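K.L.:
Okay, predicted coordinates and the sequence, questions at the end:
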Amino acid sequence: MAEAKVLKAQARDGVGKGAARELRRQGLVPAVIYGDKKAPVTVSLAYKDAYKFIYAGGFLSHVIELDVDGTKHTVIPRDYQLDPVKDFPLHVDFLRVGKGTKLTVQVHVHFINEEASPGLKRGGTLNIVRHTVEVSAPADSIPEEITVDMTGFDIGDSIHISAVTLPKGVTPTITDRDFTIATIVAPSALKSAGEEDDAETPAAAAPKAE
């Protein structure tokens, strides 16, 4: 897990739509911190900071140190709202992260050693079924990514979650099946050749009626 990034915020008193609109006019994004059996805290973020964090990727799967006027809160973003037309941030919800907290997060899948895959070397295509995998993980050890080693996989093979080594304490939320992350499919040229061969093969003669 990467070191938690620090995002600065400031406390705010006003709540409601009118107060939120006024904050946005000032270049701020309203937000709230909740959870861990503590009272919610309303805060605001600088628009440029909120925009940068949201669009950097993995916003909802990274623990953040939220610095509110000098007091740090360990949180994870749980939801955010964007303007439906212009896609700029309108509101952010942060969940407090207490000691020993386990979280359900989506983690990006990263494929390595593609050059060591016989199927890909022969022109096969990596068909990614899941770009992210939902896992349950301790808040202090959420993996940056799930690494899939492509070594040895050939055309027609499927890569299942059981082929992936997850960090200690991290488990997939889907437990009732060995789900597929990716497959290696034959190149279109190979498929076409196979179809032509099938077409040229004479059909078996039908049995004659006696």
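P.N.:
Happy to help now that I have it.
K.L.:
for the closest residue to residue 15 other than its chain neighbours, which residues make a bridge with it?
P.N.:
Excluding the flanking residues, the one nearest residue 15 by CB to CB, 6 or more residues apart in numbering is residue 42, at 5.9 Å. Backbone N, C-alpha and C define where each C-beta goes, glycine included. Under the criterion DSSP bridges, residue 42 forms beta bridges with residue 32.
K.L.:
just the strands in this protein please.
P.N.:
Taking DSSP state E as the criterion, the chain contains strands spanning 5-11, 28-35, 38-46, 64-68, 71-82, 89-96, 102-112, 125-128, 132-138, 146-149, 158-160, 171-172, 180-185.
K.L.:
who's in contact with residue 127?
P.N.:
182-185 (CB atoms under 8 Å, 6 or more residues apart in numbering).
K.L.:
Show me the chain divided up by domain.
P.N.:
5-98, 103-196 (automatic domain parsing).
K.L.:
Can I get those in CSV including mean pLDDT?
P.N.:
Shown next, in CSV, are those (pLDDT from 0 to 100):
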stretch, mean pLDDT
domain 5-98, 92
domain 103-196, 91
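K.L.:
tell me the two of the contacts of residue 127 that are most distant?
P.N.:
Comparing all pairs in these by CB to CB, the longest separation belongs to 182 and 185, at 9.8 Å.
K.L.:
More neighbours: which of the two?
P.N.:
For the pair residue 182 and residue 185, the greater number of neighbours falls to residue 182 (21 against 16), based on other CB atoms under 10 Å.
K.L.:
List the residues that contact the nearest residue to residue 74 once chain neighbours are set aside.
P.N.:
With CB to CB, 6+ apart as the measure, residue 97 is the residue that lies nearest to residue 74, at 4.7 Å, once sequence neighbours are left out. With contact taken as CB under 8 Å, 6+ apart, residue 97 is in contact with 36, 63, 74-76, 103, 139.
K.L.:
go again using 10 Å as the cut-off
P.N.:
By CB atoms under 10 Å, 6 or more residues apart in numbering, residue 97 lies in contact with 4, 35-36, 63-64, 73-76, 103, 138-140, 142.
K.L.:
Tell me which two of those residues sit farthest apart.
P.N.:
Checking the contacts of residue 97 against each other with CB to CB, the farthest-apart pair comes out as 73 and 138, at 18.1 Å.
K.L.:
Can you give me the end-to-end span of stretch 115-123?
P.N.:
Terminal residues of stretch 115-123 are spaced 11 Å apart (CA to CA, to the nearest Å).
K.L.:
How far does that stretch sit from its chain's centre?
P.N.:
In this view, stretch 115-123 has its centroid 26 Å away from the chain centroid, taken as CA atoms, centre = their mean, to the nearest Å.
K.L.:
what number of residues lie near residue 25?
P.N.:
Residue 25 has 8 neighbours, counted by other CB under 10 Å.
K.L.:
do the same with the one 10 residues further on
P.N.:
By other CB under 10 Å, the residues close to residue 35 number 16.
K.L.:
And for the one 3 residues further on?
P.N.:
Residue crowding around residue 38 was assessed by other CB under 10 Å; the count is 11.
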